[in-house]
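A.B. asks: Return atomic coordinates for the entry below.
(chains A and B)
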There are 2 protein chains.
Amino acid sequence: MARWEPGARERLVLAAVDLFNEQGYDATTVVQIAERAGVTKSTFFRHFPDKRSVLAAGQETLSRAFAAGIAEAPAGAGPLDAVAAGLERVSASMGPLNRELAPRLRAAVAANAELQEHTALKTVGLAAAVTAALVARGVPDPVAALAGELGTLAFKRGFAEWSEGDRAAHDDLSRYTLAALADLRVATAALG
Amino acid sequence: MARWEPGARERLVLAAVDLFNEQGYDATTVVQIAERAGVTKSTFFRHFPDKRSVLAAGQETLSRAFAAGIAEAPAGAGPLDAVAAGLERVSASMGPLNRELAPRLRAAVAANAELQEHTALKTVGLAAAVTAALVARGVPDPVAALAGELGTLAFKRGFAEWSEGDRAAHDDLSRYTLAALADLRVATAALG
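C.D. replies: You can find the predicted model right below:
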């Protein structure tokens, strides 16, 4: 019973981002996205409640992977080492599709205020998830809040570098996110 | 010539937040907000382009005050001392109206996804403004980005504490934001 077509979700995401760029977010309908992806409207609604949610695709998975990596870090690991374990886990969950989508997604967001707000909530939500995972390990406040911001910043900076320019196809995202975290760790000493 | 009614802007903000809480954000119209504030619809539009912008009121002022405080910090001040100067400046710009509004605003935001996204963009925008003000002082990346997050976190935490519970009416916001920054400064040593 193959009720769920393989790859439909990914095709819907790619179709949506392309249409947002071609004709704008506001002008794009669910029907158009489904058509471009080669699926029916009801298949769209099996995957997403509305067109905005297409861009949130993967966001919960991302937060959960980050939190799981933190939870499984060795008991004696300090807050930033736990964050590093989270970054490794979340980086491993990102593949060629994420890299291919990133520049097109950036262009769509840059052109639409609603998508900018939506993206901002993703950032704030990720920081909250990382902070909560650290608190669950017993990291006290405000150390957890601070490490949550550092982890989010490291992910965003590493992801941006990984998905911009000409990286070798086999380049692993974790190289970039862990390097960004290391830079931020050094930077804490220069805060004054 | 008293074309601009004194206090109309403040009355519009209070009326909007109260209506959002009473009947929901989506159900509230510009006409209702103007009516509750005792002004005409055209007065509303002299102050705000739409109902969502009512809640952004003061956000630009806030970012500008923070940045101005950072710009005017002594030349030799380290990044976090410059952030402290920014916090003092922005805290001084907040008065009894901000404190009175805060719990009602929190309630309205908690009940509406669109307002949550809008609020998230305000947070991300403040961090970007603080970071840019530090970069303008010559603070290198990623120290500036990190200090920008710390400053934003300190403002949010200090503001939340100041506007929750029973504070003495004369309590200055800067006491709370500067204490939050001091806590975060100490926390950097515990990141591991």
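
A.B. asks: contacts, neighbours, all on C-alpha from now
C.D. replies: Fine.

A.B. asks: need the contact list for A:Ser93.
C.D. replies: Applying C-alpha atoms under 8 Å, 6 or more residues apart in numbering or on different chains to A:Ser93 gives the contacts A:Leu62, A:Ala65.

A.B. asks: any idea how far chain B is from it?
C.D. replies: A:Ser93 is 25 Å from chain B, where distance means C-alpha to the nearest C-alpha, to the nearest Å.

A.B. asks: is chain B contacted by the lengthiest helix in chain A?
C.D. replies: In terms of residue count, the longest helix belonging to chain A (DSSP state H) is helix A:113-136. Yes. Helix A:113-136 lies in contact with chain B when judged by C-alpha under 8 Å from any C-alpha of the partner chain; the contacting residues are A:Gln116, A:Glu117, A:His118, A:Ala120, A:Leu121, A:Val124.

A.B. asks: Which of those are buried, as a PyMOL select command?
C.D. replies: Buried residues within these, by 16 or more other C-alpha atoms under 10 Å in any protein chain shown, are selected in PyMOL with:
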select buried, chain A and resi 116+117+118+120+121+124
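
A.B. asks: got the buried residues for the lowest-mean-pLDDT helix or strand in chain A?
C.D. replies: The element with the least model confidence among the helices and strands of chain A, by mean pLDDT, DSSP states H and E, is helix A:51-56, at a mean of 86. Across helix A:51-56, burial judged by 16+ other C-alpha under 10 Å covers A:Lys51, A:Val54, A:Leu55, A:Ala56.

A.B. asks: domain assignment for chain A?
C.D. replies: According to the domain assignment given by automatic domain parsing, chain A is divided into the following structural domains: A:8-51, A:58-188.

A.B. asks: Most tightly packed of those?
C.D. replies: Among those, the stretch with the highest mean neighbour count (mean count of other C-alpha atoms under 10 Å in any protein chain shown) is domain A:58-188, at a mean of 19.

A.B. asks: got the end-to-end distance for that domain?
C.D. replies: The first and final residues of domain A:58-188 sit 30 Å from each other (C-alpha to C-alpha, to the nearest Å).

A.B. asks: Poorly predicted segments of chain A, please.
C.D. replies: The model of chain A has pLDDT under 70 over residues A:1-6, A:166-170.

A.B. asks: Contact residues of it facing chain B?
C.D. replies: Where proximity means C-alpha under 8 Å from any C-alpha, the interface of chain A facing chain B comprises A:78-81, A:116-118, A:120-121, A:124, A:142-143, A:146-147, A:149-150, A:183-184, A:187-188, A:190-192.

A.B. asks: Out of those, list just those in helices.
C.D. replies: The helices, defined by DSSP H, take in A:79-81, A:116-118, A:120-121, A:124, A:143, A:146-147, A:149-150, A:183-184, A:187-188 from the residues of chain A next to chain B.

A.B. asks: Kindly reformat the residues of helix A:113-136 next to chain B as CSV containing distance to B:Thr61.
C.D. replies: Rendered in CSV, the data for the residues of helix A:113-136 next to chain B read as follows (distance: C-alpha to C-alpha, whole Å):
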residue, distance to B:Thr61
A:Gln116, 20
A:Glu117, 19
A:His118, 23
A:Ala120, 20
A:Leu121, 22
A:Val124, 22
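
A.B. asks: Among the residues of helix A:113-136 next to chain B, which one lies nearest to A:Gly7?
C.D. replies: Looking at the residues of helix A:113-136 next to chain B and their distance to A:Gly7, the nearest is A:His118, at 24.7 Å (C-alpha to C-alpha).

A.B. asks: roughly how far apart are A:Ala68 and A:Ala132?
C.D. replies: Taken as C-alpha to C-alpha, the span from A:Ala68 to A:Ala132 is 11 Å.

A.B. asks: now the angle from the helix or strand where A:Arg104 lies to helix A:113-136?
C.D. replies: Of the helices and strands defined by DSSP states H and E, A:Arg104 is found in helix A:96-110. Angle between the axes of helix A:96-110 and helix A:113-136 is 130 degrees (criterion: axes from the mean of the first three to the mean of the last three C-alpha atoms, to 10 degrees).
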